[in-house]
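Participant: Here is the input, now give the coordinates:
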Amino acid sequence: MRVLSTEEALARLGRNAAVRRLRSLLVGRPIEGLYLVGGVVRDALLGRDAPDLDIVCPPGEVQELSAFLAEAWPCRLVQLNERWGMVRLVPVSLEGLRKVVVDLAPARGCAIEEDLLQRDFTVDAMAVGIPPDPQRLLGPLVDPACGLRDLASGMIRVVHPDRLAEDPVRLLRAFRIASGLGFAVEPGTLEAIRKTSHRLSLPAPERLRDELFKLLGSPGSRPYLDAMDQTGLLVVLFPETEALRGLEQGPEHAHEAWAHSMETFRQVEKMMEDGFALLEPWGEVLSEWTAEDEERASLLKLAALLHDIGKPATARSGEGGRVRFFGHDREGARLCGRIAARLKLSRRAGTCLVTWVQSHMWLFHLYRAACSNRLGDRARVRFFRRFGADAFGCLILAAADHNAKKSINTSEYNENFIQFIKSMILFSVERDAAGVRLPPLIRGRDIMERFGLSPGPAIGRLLEKVHEARAAGEIENREQALDLVGRLIAKGGIT
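Facilitator: Below you'll find the model as predicted:
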């Protein structure tokens with residue numbers, strides 16, 4: 001990654017629309033000791049425009065300046081850290097420059113150099129002054145921690161090891177920043193993280209979740225996940241994974257359980273980065289599905305990492321000493337529910353995580369049925385009805401889990417499974433196009449009126465059977481639907 005010269009970076013920063021807007025607003029109220037810091041300076045040196053602005057100002061100016069900018073920008077004020085007096089200006093609309101979030105913080109120390117040396121990583125410990133003289137757009141680069149050197153060498157280095165203990169979220173942030181930039185974490189910093197890893201359990205879970213999801217959302221995050229694991233962070237973040245390490249599996253697996261989980265993660269990430277070429281001609285369909293929700297890629301990678309966490313509790317020795325893990329999908333879902341609550345995931349995100357982990361064996365069961373010609377359209381419809389918008393995640397995770405086995409000791413896990421996954425996607429696309437989502441042939445009240453039934457769960461089960469039969473092409477109209485319901489009732493199949 002090319003790093004601009006200081007002159008080029010300052011010129012780029014001077015052309016930044018948000019910076020120019022800020023300068024124009026400050027013309028009538030010059031302030032001594034105002035600095036742009038952190039990401040906006042780093043990104044300018046990398047030839048990029050940062051989405052937000054971080055500003056350091058004299059302690060006595062924060063309240064008055066934030067109130068002025070909130071009205072002039074316009075934004076609403078959010079107190080970020082009452083102890084340090086940090087304030088965020090959040091835009092009140094999404095038009096133009098109003099999208100830019102501005103963070104204001106009082107300077108720590110008597111000089112900007114003192115403030116910068118209390119920051120976390122050297123590449124974010126650089127500043128550029130905003131001179132009170134309106135004739136000067138920006139001041140020189142201030143870099144007491146040699147962040148420019150580390151930027152040029154592609155290195156994330158902690159300013160001082162004490163910074164990690166002060167705010168343990170920085171333990172994760174080191175890898176998040178490194179993954180976003182494609183940098184390496186400096187060996188001394190890795191060692192400092194290892195020594196401090198036990199403190200990762202201290203910060204608010206929401207902050208940990210946000211850093212984790214930003215990391216997982218970066219392309220090529222697997223090497224950083226490996227590095228985190230080596231420092232002990234992953235087992236602190238997910239203590240449920242500790243028992244996976246060294247857990248041997250059956251002959252269809254080339255790896256022990258934790259290595260398999262990490263490889264499944266890599267397979268999901270690789271598919272995303274390759275545009276799902278493995279599952280062509282459905283790469284575009286799956287890429288669009290992944291992009292529909294900004295959290296979806298991170299969440300699916302997390303499901304891949306955790307999909308087998310139920311195995312240690314369900315491990316049993318079977319015939320010939322072979323270890324089996326019956327019910328590990330259900331146990332894994334239970335543990336993922338606990339993890340989702342601990343990380344304060346949204347209800348929707350938590351449900352997705354639990355669903356994908358609980359269902360990751362479903363496709364293997366369907367595949368075995370297909371191999372013996374026992375898989376009908378109804379079973380396929382039932383699968384897509386059960387998982388709805390999350391069904392593609394089940395398919396992607398199953399394909400990744402399959403590819404992560406890498407065993408040559410069984411003929412079951414081969415290209416035929418991938419072809420089966422493709423056939424499931426084809427079925428979904430064709431049935432949607434054929435009108436699976438058309439208005440229903442009958443409704444619950446039709447069943448109750450025709451057959452004298454009372455409201456209850458049985459009505460829903462009957463409607464689901466009608467839908468499955470319609471999607472499978474077995475019925476086409478209202479009378480056929482009611483006839484099917486009558487036959488089901490006569491068989492007693494609604495309890």
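
Participant: Report the helix or strand with the lowest average pLDDT across the chain.
Facilitator: Within the chain, judged by mean pLDDT, DSSP states H and E, the helix or strand with the poorest mean is strand 75-81; its value is a mean of 76.

Participant: So Thr355: helix, strand or coil?
Facilitator: Secondary structure for Thr355, judged by DSSP: H, G, I helix; E, B strand; the rest coil, is helix.

Participant: strands paired with the following helix or strand past the least confident helix or strand of the chain, and their directions?
Facilitator: Beyond strand 75-81 in the direction of the C-terminus, DSSP states H and E gives the next helix or strand as strand 86-91. Sheet pairing here is set by DSSP bridges, and for strand 86-91 it gives strand 75-81 (antiparallel), strand 102-106 (antiparallel).

Participant: which residues sit against the least confident helix or strand of the chain?
Facilitator: The contact list for strand 75-81 (Cβ atoms under 8 Å, 6 or more residues apart in numbering) reads 66-67, 69-70, 86-92, 98, 102-103. Glycine gets a C-beta too; all of them are placed from N, C-alpha and C.

Participant: so how far is it off the chain centroid?
Facilitator: Using Cα atoms, centre = their mean, to the nearest Å, we find the averaged C-alpha position of strand 75-81 to lie 26 Å away from the chain's own average C-alpha position.

Participant: What residues sit buried inside it?
Facilitator: Going by neighbour count (16 or more other Cβ atoms under 10 Å), the buried part of strand 75-81 is Cys75.

Participant: now do stretch 236-245
Facilitator: Val236, Leu237, Phe238, Glu240, Thr241, Leu244.

Participant: Go through the residues you listed and flag which are in helices.
Facilitator: Members of the buried residues of stretch 236-245 lying in helices (criterion: DSSP state H): Val236, Leu237.

Participant: any chance of the buried residues of stretch 236-245 in a markdown table, with pLDDT and distance to His307 too?
Facilitator: A markdown table is the format used below for the buried residues of stretch 236-245 (pLDDT from 0 to 100; distance: Cβ to Cβ, whole Å):
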| residue | pLDDT | distance to His307 |
| --- | --- | --- |
| Val236 | 96 | 20 |
| Leu237 | 96 | 16 |
| Phe238 | 97 | 12 |
| Glu240 | 95 | 12 |
| Thr241 | 95 | 11 |
| Leu244 | 95 | 11 |
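
Participant: Which one of the buried residues of stretch 236-245 is nearest to Phe175?
Facilitator: Minimum separation from Phe175 among the buried residues of stretch 236-245 (Cβ to Cβ) is found for Leu237, which lies at 11.3 Å.

Participant: OK, contacts around the closest one?
Facilitator: Leu172, Leu200, Leu208, Leu212.

Participant: circling back to that earlier point, just so I know, which of the strands paired with strand 86-91 lies nearest Arg478?
Facilitator: strand 75-81 (54.1 Å).

Participant: okay, the closest one in CSV with CA atoms only?
Facilitator: The C-alpha trace of strand 75-81 is given here as CSV (Å, rounded to 0.1, in the frame of the first residue of the first chain):
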residue,chain,number,x,y,z
CYS,A,75,-26.1,17.5,14.3
ARG,A,76,-27.3,16.1,17.6
LEU,A,77,-25.0,15.8,20.6
VAL,A,78,-24.1,12.4,22.1
GLN,A,79,-22.0,12.1,25.2
LEU,A,80,-19.4,9.4,24.5
ASN,A,81,-17.3,9.4,27.6
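
Participant: With distance to Thr231 as extra columns, can I get the strands paired with strand 86-91 in CSV?
Facilitator: Shown next, in CSV, are the strands paired with strand 86-91 (distance: least, Cβ to Cβ, whole Å):
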stretch, distance to Thr231
strand 75-81, 27
strand 102-106, 28
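
Participant: so which of these comes closest to Leu164?
Facilitator: Taking Cβ to Cβ as the criterion, Leu164 comes closest to strand 75-81 out of the strands paired with strand 86-91, the separation being 17.9 Å.

Participant: if we can go back for a sec, between the strands paired with strand 86-91, which one is nearest to His328?
Facilitator: Using Cβ to Cβ as the criterion, the shortest distance between His328 and those is 42.0 Å, found for strand 75-81.

Participant: Contact partners for the residue positioned nearest the centre of the chain?
Facilitator: In the chain, the C-alpha closest to the average C-alpha coordinate belongs to Ser298, at a distance of 2.0 Å (Cα atoms, centre = their mean). Applying Cβ under 8 Å, 6+ apart, we find Ser298 in contact with Leu212, Phe213, Lys214, Leu216, Gly217.

Participant: make it 10 Å
Facilitator: Each residue near Ser298 by Cβ atoms under 10 Å, 6 or more residues apart in numbering is listed here: Arg209, Leu212, Phe213, Lys214, Leu215, Leu216, Gly217, Ser218, Ser221, Ala349.

Participant: Disregarding residues adjacent in the polypeptide, which is nearest to the fifth one?
Facilitator: Read it as Leu215. Arg176 (4.3 Å; Cβ to Cβ, 6 or more residues apart in numbering).

Participant: Poorly predicted segments of this protein, please.
Facilitator: For the chain, residues meeting the criterion pLDDT under 70 lie at 80-84, 93-98, 320-321, 407-414, 433-438, 493-495.

Participant: longest single helix anywhere in it?
Facilitator: The longest helix of the chain (DSSP H) is helix 415-433.

Participant: got the buried residues for that one?
Facilitator: Buried residues in helix 415-433, defined by neighbour count with 16+ other Cβ under 10 Å: Phe417, Ile418, Phe420, Ile421, Lys422, Met424, Ile425, Phe427, Ser428, Arg431.

Participant: Over to stretch 387-402?
Facilitator: Judged by neighbour count using 16+ other Cβ under 10 Å, the buried positions of stretch 387-402 are 387, 390-402.

Participant: go on, stretch 276-284?
Facilitator: Neighbour counts using 16+ other Cβ under 10 Å place Phe276, Leu278, Leu279, Trp282 of stretch 276-284 among the buried residues.

Participant: Check stretch 351-362 too.
Facilitator: By 16+ other Cβ under 10 Å, the buried positions in stretch 351-362 come out as Cys352, Leu353, Val354, Thr355, Trp356, Val357, Gln358, Ser359, His360, Met361, Trp362.
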